[in-house]
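Peer 1: here is a sequence together with a model predicted from it:
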Amino acid sequence: MNLHKYIHITTIFFMLVASKTFAVPLDVSCIGPDNATGFLIYLHGMDSNSPSPQELQNRRILNELASKYNLKIALPRAQMECPTQQGSICWGWSWNSSELTNIIPQILESREKCFPSDQTFGVIGFSNGGYLINHWFQSGLFNDSKAIPRFFISSGADRGFIQSTSVDLSKNPPLVLIAGDHDVYNHDLSEAYSLQLKAMCADINVVSFSGGHELNEDSLNDTLMSFLKK
């Protein structure tokens, strides 16, 4: 093989490997006061590259809760293009170990742009962000004690598949699933998913509200208050 061609091919190979190994840092915005006493990460749902009207509405709710409870909230933006909708971004789709081990460290790192990494924090996810939480919760990816969320809140995503029924989830942070009773595609009326997680000793609760696929302010407020007052 021609030496110059070999060098060219080798260079492309290492560029491709580097692009997979060293992820580009997530864009992150922060809301809430600088003297906050509570800390959260919020993971949006499937969204356009710029925040959609639904996402802006979700941020309005988060702003109100941040003011009410003196919270600092990190809002990272996903980078993956959704496979079913061109021009949209998602946190993941197959939720396999490769996706999770790639994105979870980036999410955890993103909080450092909004609050100190040694602060305890919770994670809220809506829709696609909620499904990420559901699989993060099952994954066992809690290696760094300083990076273990105090609680998870998954909104608009109370369906899912169990990765392994042999896993003991008793030491995981608590998980609350919030869903509208008219959310046809994302709400499981039978609560089969949550019952499976309970059988694996998970600390899990389901909150249902009258409505559709939305981040419901009252339900989120009540759930947050139950965690923050502890």
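Peer 2: Yep, that arrived.
Peer 1: got a pLDDT number for S127?
Peer 2: Looking at S127, its pLDDT is 97.
Peer 1: OK, contacts around the residue nearest to it when sequence neighbours are not counted?
Peer 2: Closest residue in space to S127, ignoring its immediate chain neighbours: G45 at 2.8 Å, by C-beta to C-beta, 6 or more residues apart in numbering. Heads up, the C-betas are built off the backbone N, CA and C, glycines and all. By C-beta atoms under 8 Å, 6 or more residues apart in numbering, the residues touching G45 are Q54, E55, F126, S127, N128, G129, G130, G156.
Peer 1: how about the last one, phi and psi?
Peer 2: Note on G156: backbone dihedrals following degrees, to the nearest 10 are phi 70, psi 30.
Peer 1: which residues touch it?
Peer 2: G45, F126, S127, G130, I178, A179, G180, D183, N186, H213, E214, L215.
Peer 1: buried ones from those, can you make that a PyMOL selection?
Peer 2: Selection command for PyMOL covering only the buried members of the contacts of G156, criterion 16 or more other C-beta atoms under 10 Å:
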select buried, resi 45+126+127+130+178+179+180+183+186+213+214+215
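Peer 1: skipping adjacent residues, who's closest to Y185 in space?
Peer 2: In space, Y185 is closest to H213, 7.4 Å off (C-beta to C-beta, 6+ apart).
Peer 1: in this structure the one you found contacts I178, no?
Peer 2: No: between H213 and I178 there is no contact under C-beta atoms under 8 Å: 11.3 Å.
Peer 1: what is the neighbour count of L141?
Peer 2: Using other C-beta atoms under 10 Å, L141 is surrounded by 17 other residues.
Peer 1: for it, which non-adjacent residue is spatially closest?
Peer 2: I104 (5.4 Å).
Peer 1: that neighbour in helix, strand or coil?
Peer 2: Three-state assignment for I104 (DSSP: H, G, I helix; E, B strand; the rest coil): helix.
Peer 1: how much space between it and I178?
Peer 2: Between I104 and I178 the distance is 21 Å, computed by C-beta to C-beta, to the nearest Å.
Peer 1: also N186?
Peer 2: Counting by C-beta to C-beta - N186 and I178 are separated by 10 Å.
Peer 1: which residues do those two both contact?
Peer 2: Common contacts of N186 and I178 (C-beta under 8 Å, 6+ apart): G156, D158.
Peer 1: not counting sequence-adjacent ones, nearest residue to C201?
Peer 2: Going by C-beta to C-beta, 6+ apart, C201 has S170 as its nearest residue, at 3.8 Å.
Peer 1: where does that neighbour land in three-state SS?
Peer 2: Going by three-state DSSP: S170 is coil.
Peer 1: and S154, that's in a strand?
Peer 2: Yes: assignment of S154 by three-state DSSP places it within a strand.
Peer 1: returning to what we had before: would you check that the residue nearest to L141 makes contact with W136?
Peer 2: Yes: if you go by C-beta under 8 Å, I104 and W136 touch, sitting 6.0 Å apart.
Peer 1: who is G180 paired with across the strands?
Peer 2: Per DSSP bridges, the residues bridged to G180 are F209.
Peer 1: isn't W95 right up against Y131?
Peer 2: Yes: if you go by C-beta under 8 Å, W95 and Y131 touch, sitting 6.9 Å apart.
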